[in-house]
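Undergrad: sharing a model prediction with you, sequence too.
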Amino acid sequence: GEGLPRPEQTRVIVVANQKGGVGKTTTTVNLAASLALHGSRVLVIDLDPQGNASTALGIDHHAEVPSIYDVLVESKPLAQVVQPVPDVEGLFCAPATIDLAGAEIELVSLVARESRLQRAIQAYEQPLDYILIDCPPSLGLLTVNALVAGQEVLIPIQCEYYALEGLGQLLRNVDLVRGHLNPTLHVSTILLTMYDGRTRLASQVAEEVRTHFGDEVLRTSIPRSVRISEAPSYGQTVLTYDPGSSGALSYFEAAREIALRGVGVSYDASQAHIGA
Ligand code: ADP
Ligand code: MG
């Protein structure tokens, strides 16, 4: 495929929203695949004990598999848990296993409990263009570890009632982490997901989000698409499951916007690759 500009330094993007079901995991894996399919080296870190990102990428994550739990709690080097994603060159995954559910408690008594992921990433020597971290639907120590490790926060917002509810809490956490532990952290990207432009509600919510966040909101929004929701059950992203679908094209466009922003090039929506 056609190349996307690659950043000079690894961009660590935290995909967070403490609400469940808004499209965090879907966004993480499909953006990661889009970026990798267009020439970048990308690592997905699955930080949700459910392991949905691992599943969606076709990565084995049964209880015995070396996982991000071992990295966070046992200080195992990240390189020892990273697996290549089948079928997508340049895409890698650090899987989550179910024992990660206990990490939220186990981390409390460990030294540098908020910065264990940051340290693991800093010690990882393979060259990467992007690290995308899929967060659990909570603001506990796992999400705090992601916020300390990242530079950017990407918030997927589902265009529904109460879309903005609870975001204040996430934004305050971002401010707290920036103030105390990670001065480079900022909300760089808002992505509207499961968008149905035909409904009044969706366009009202989209307008509200754009008023509230301005330029952080990507021009591209992700439509509701059956192909997007089917892909994970085949252990695939929609980019390989149905590359020509509107879902695949919209995630590719969102990735293109993100890649261009990273090198300071403004995005021209008239150049979008999505058909009318
Ligand atoms: P989260 O990680 O925030 O909990 P998910 O990414 O798991 O959210 O998405 C929640 C559910 O919605 C999943 O079943 C997923 O397949 C589905 N889904 C996500 N995005 C879309 C979309 N654009 N179109 C249709 N279904 C979607
Ligand atoms: Mg998820």
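TA: Yep, that arrived. Ligands and ions are numbered 1, 2, ... in the order given.

Undergrad: count of residues packed around Thr25?
TA: By the measure other CB atoms under 10 Å, the count of residues near Thr25 is 27. C-beta: built from backbone N, CA, C; applies to glycine.

Undergrad: what residues are up against the spatially closest residue to it that is not a sequence neighbour?
TA: Of all residues beyond its chain neighbours, the one nearest Thr25 is Asn52 (4.4 Å), with distances taken as CB to CB, 6 or more residues apart in numbering. By CB atoms under 8 Å, 6 or more residues apart in numbering, the residues touching Asn52 are Thr25, Asp46, Asp134, Pro232.

Undergrad: just His212 next, same as before
TA: Per CB under 8 Å, 6+ apart, neighbours of His212: Leu164.

Undergrad: check which helix or strand it maps to.
TA: Taking DSSP states H and E as the criterion, His212 maps to helix 200-213.

Undergrad: and that helix with ligand 1, contact?
TA: No. Helix 200-213 stays clear of ligand 1 (CB under 6 Å from any ligand atom), getting no nearer than 11.8 Å.

Undergrad: equivalent analysis for stretch 82-98, please.
TA: No. Against ligand 1, stretch 82-98 shows no contacts by CB under 6 Å from any ligand atom, the least distance being 12.1 Å.

Undergrad: what number of residues lie near Arg227?
TA: Count around Arg227 with other CB under 10 Å applied: 15.

Undergrad: need the pLDDT of it.
TA: Listed pLDDT for Arg227 reads 98.

Undergrad: what does this structure put close to ligand 1?
TA: Checking the chain against ligand 1 by CB under 6 Å from any ligand atom, the hits are 20-26, 52, 137, 193-194, 222, 224-225, 228-229, 247.

Undergrad: ok, and which of those reach ligand 2?
TA: Residues of those in contact with ligand 2 (CB under 5 Å from the ion): Lys24, Thr25, Asn52.

Undergrad: make a markdown table from the residues you listed and add secondary structure, distance to Thr143 and pLDDT to it.
TA: Formatted as a markdown table, those follow (DSSP: H, G, I helix; E, B strand; the rest coil; distance: CB to CB, whole Å; pLDDT from 0 to 100):
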| residue | secondary structure | distance to Thr143 | pLDDT |
| --- | --- | --- | --- |
| Lys24 | helix | 11 | 98 |
| Thr25 | helix | 14 | 98 |
| Asn52 | helix | 15 | 98 |
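
Undergrad: tabulate those residues in TSV, adding columns for distance to Leu164.
TA: As requested, these are exported to TSV (distance: CB to CB, whole Å):
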residue	distance to Leu164
Lys24	16
Thr25	21
Asn52	24
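
Undergrad: narrow the residues of the chain next to ligand 1 to those in strands?
TA: Judged by DSSP state E, the residues of the chain next to ligand 1 include Thr193 as members of strands.

Undergrad: which among the residues of the chain next to ligand 1 count as buried?
TA: Neighbour counting with 16 or more other CB atoms under 10 Å marks 22-26, 52, 137, 193-194, 222, 224-225, 228, 247 as buried within the residues of the chain next to ligand 1.

Undergrad: returning to what we had before: just the closest of the contacts of Asn52 to ligand 1, please.
TA: Thr25 (3.4 Å; CB to the nearest ligand atom).

Undergrad: residue contacts, the closest one?
TA: Thr25 neighbours (CB under 8 Å, 6+ apart): Asp48, Asn52, Ala53, Ala56, Asp134.

Undergrad: ramachandran angles for Ile68?
TA: phi -60, psi -20 (degrees, to the nearest 10).

Undergrad: now it. Nearest residue, chain neighbours left out?
TA: Distances taken as CB to CB, 6+ apart place Ala94 nearest to Ile68, at 5.0 Å, with adjacent residues excluded.

Undergrad: hey, what's the one you found bridged with?
TA: Ile45 (DSSP bridges).

Undergrad: rewinding a little: would a markdown table of the contacts of Thr25 with distance to Gly39 be doable?
TA: Below are the contacts of Thr25 laid out as a markdown table (distance: CB to CB, whole Å):
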| residue | distance to Gly39 |
| --- | --- |
| Asp48 | 28 |
| Asn52 | 26 |
| Ala53 | 22 |
| Ala56 | 21 |
| Asp134 | 22 |
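
Undergrad: considering those residues, which possesses the most neighbours?
TA: Ala53 (30 neighbours).
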